[in-house]
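Student: Using only what follows, build the 3D model:
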Amino acid sequence: MAAPIDTVADDDALYVLTAVLLTPAQFPSVLGDDYPAACAALALEPYSEGYGLVLGQDGSGARWTVVVEDVSLVAVAIAAWDCGMDYDLSPDDRSVVCALPGWPLPVAVAAPGVAAPHDPLPDPEAEGTEPAPLTPPDTESWGPAQRRMGADEIAHQWTAWREQIDDETAFADPPGTDSTGAGATPGSGPEPVSGSGPESAPGAGPGSEPVPEPDPRLDAPDPHPEAEVQGEGGIETGAGGDQADDAAVSPVTDSPPGVHPGVRRALAQAHDYIDAPPPPGRIRSSFATGEARMLRADGPGWSLVARTDDIAFILLDEEPGEVLPVGRGSELPGLLKGLDALAVRLA
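Tutor: Numbers count the residues shown, from 1 in each chain. Here you go, the predicted model:
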């Protein structure tokens, strides 16, 4: 499967293991909340056409990430690999933007006939100016990267996660409330629930975007602007859960009893995107069954995944390993419609 291309050094080939796209519509979310942030993590300019990231090893076994401008070529290779077909990904040298040491994502395969994957040795002539090797996020801790990874995994396995939610019990109306969990008055927000979900163990291989391993397991607390929590329990992701990220946004202090301030904040900020569109890639829309779309949105300390015709799930930096379902209520449908209208669309 490893195909050599001469890009890392004049006399050293790169054995291609896999590749991913870095475009406004599709990028490794571990790199940032949006496309410009993902590019900044790799010291790249956020060109609208995007890039392809080719991950492989040189003749010594060192890990390299080669950035190329030929996005179409990389997309064709990924599509072929995903269909189980062989494809020799050999970008032209003129398409190469740079070669970065290390891999930003875990790769589950290795090139045959070379040493085990390892970081390249420092170049003595660089005098300390070369970039530090890229490394995958630590799946044993919880932070923004793990939170985004978890949201991605829910989007990839939506059906399995959705099946864990029983709408009749999860979103039942308490006495004196509407389906949002708030008082039975117009404008009430959607409502969350507790539940349990499956484990995921994504892998990375030739042609598949190497998805890091948050191994989500649902964890439920709470809702949107005016929703109430149905229970304390929830599903925990496999990625860390010892402590929340220090940079998490401070919780709202005037929330009514039973309302999770982090979910209120996340949905309020998502609604703000409709009036003040965020950077490209902050909201992404992809194909879902029927006429629905799958939405992914991120913000300071939160990630949202939803189907436009269904409920939403929210993950928070301040709730390590937990996934917070949000019922449709009266406001969520309009919010999702507005976000989808702004989203960068993939297929």
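Student: from here on, contacts and neighbour counts on C-alpha atoms
Tutor: OK.
Student: for the stretch 201-347 of the chain, what spans make up the strands?
Tutor: 235-236, 283-287, 293-299, 302-307, 312-316, 322-326, 344-346 (DSSP state E, counting those that start in this stretch).
Student: What residues sit buried inside the second one?
Tutor: To tie it back to what came earlier, the one meant is strand 283-287. 283-286 (16 or more other Cα atoms under 10 Å).
Student: Packing partners of that strand?
Tutor: strand 293-299, helix 332-342, strand 344-346 (3 or more Cα pairs under 8 Å, 6 or more residues apart in numbering; DSSP states H and E).
Student: Tell me which of the ones you listed lies nearest to T18.
Tutor: strand 344-346 (20.4 Å; Cα to Cα).
Student: And the contacts of the closest one?
Tutor: Contacting residues not belonging to strand 344-346 are listed as 24-26, 280-281, 283-287 [Cα atoms under 8 Å, 6 or more residues apart in numbering].
Student: and with 7 Å instead?
Tutor: For strand 344-346, the external contacting residues (Cα atoms under 7 Å, 6 or more residues apart in numbering) are 24-25, 280-281, 283-286.
Student: Adding pLDDT, write those residues out as a markdown table.
Tutor: As requested, these are arranged in a markdown table below (pLDDT from 0 to 100):
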| residue | pLDDT |
| --- | --- |
| P24 | 95 |
| A25 | 94 |
| P280 | 96 |
| G281 | 96 |
| I283 | 97 |
| R284 | 96 |
| S285 | 96 |
| S286 | 94 |
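Student: ok, those vs W302, which is closest?
Tutor: I283 (12.4 Å).
Student: The closest one bridge partners, please.
Tutor: Per DSSP bridges, the residues bridged to I283 are A297.
Student: surely it meets S303?
Tutor: No. In this structure, I283 is not within contact of S303 by Cα atoms under 7 Å, at 10.1 Å.
Student: For those two, list the residues in contact with both.
Tutor: With Cα under 7 Å, 6+ apart, I283 and S303 have common neighbours A297.
Student: Flag the shaky bits of the chain, pLDDT-wise.
Tutor: For the chain, residues meeting the criterion pLDDT under 70 lie at 1-12, 124, 126-128, 169-259, 347.
Student: what ranges do the helices span in it?
Tutor: For the chain, the helices defined by DSSP state H cover 35-41, 71-82, 144-156, 158-162, 167-170, 261-275, 332-342.
Student: Output those in a markdown table, with mean neighbour count and distance to A115 appended to each entry.
Tutor: Listed next are those as a markdown table, based on neighbours: other Cα atoms under 10 Å; distance: least, Cα to Cα, whole Å:
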| stretch | mean neighbour count | distance to A115 |
| --- | --- | --- |
| helix 35-41 | 20 | 28 |
| helix 71-82 | 18 | 24 |
| helix 144-156 | 25 | 29 |
| helix 158-162 | 16 | 38 |
| helix 167-170 | 13 | 52 |
| helix 261-275 | 20 | 46 |
| helix 332-342 | 19 | 46 |
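Student: can I get the ones you listed in CSV with distance to I314?
Tutor: Formatted as CSV, these follow (distance: least, Cα to Cα, whole Å):
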stretch, distance to I314
helix 35-41, 20
helix 71-82, 29
helix 144-156, 8
helix 158-162, 13
helix 167-170, 16
helix 261-275, 7
helix 332-342, 13
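Student: what about these, which gets the closest to L14?
Tutor: That would be helix 71-82 among those, by Cα to Cα, at 15.2 Å.
Student: Now that closest one - C-alpha only, CSV.
Tutor: The C-alpha coordinates for helix 71-82 follow below in CSV (Å, rounded to 0.1, in the frame of the first residue of the first chain):
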residue,chain,number,x,y,z
VAL,A,71,-6.5,18.8,-3.5
SER,A,72,-8.3,17.0,-6.3
LEU,A,73,-5.6,14.4,-6.6
VAL,A,74,-5.7,13.7,-2.9
ALA,A,75,-9.5,13.6,-2.9
VAL,A,76,-9.5,11.0,-5.7
ALA,A,77,-7.0,8.9,-3.8
ILE,A,78,-9.0,8.9,-0.6
ALA,A,79,-12.2,8.0,-2.6
ALA,A,80,-10.4,5.1,-4.3
TRP,A,81,-9.0,3.8,-1.0
ASP,A,82,-12.4,4.1,0.7
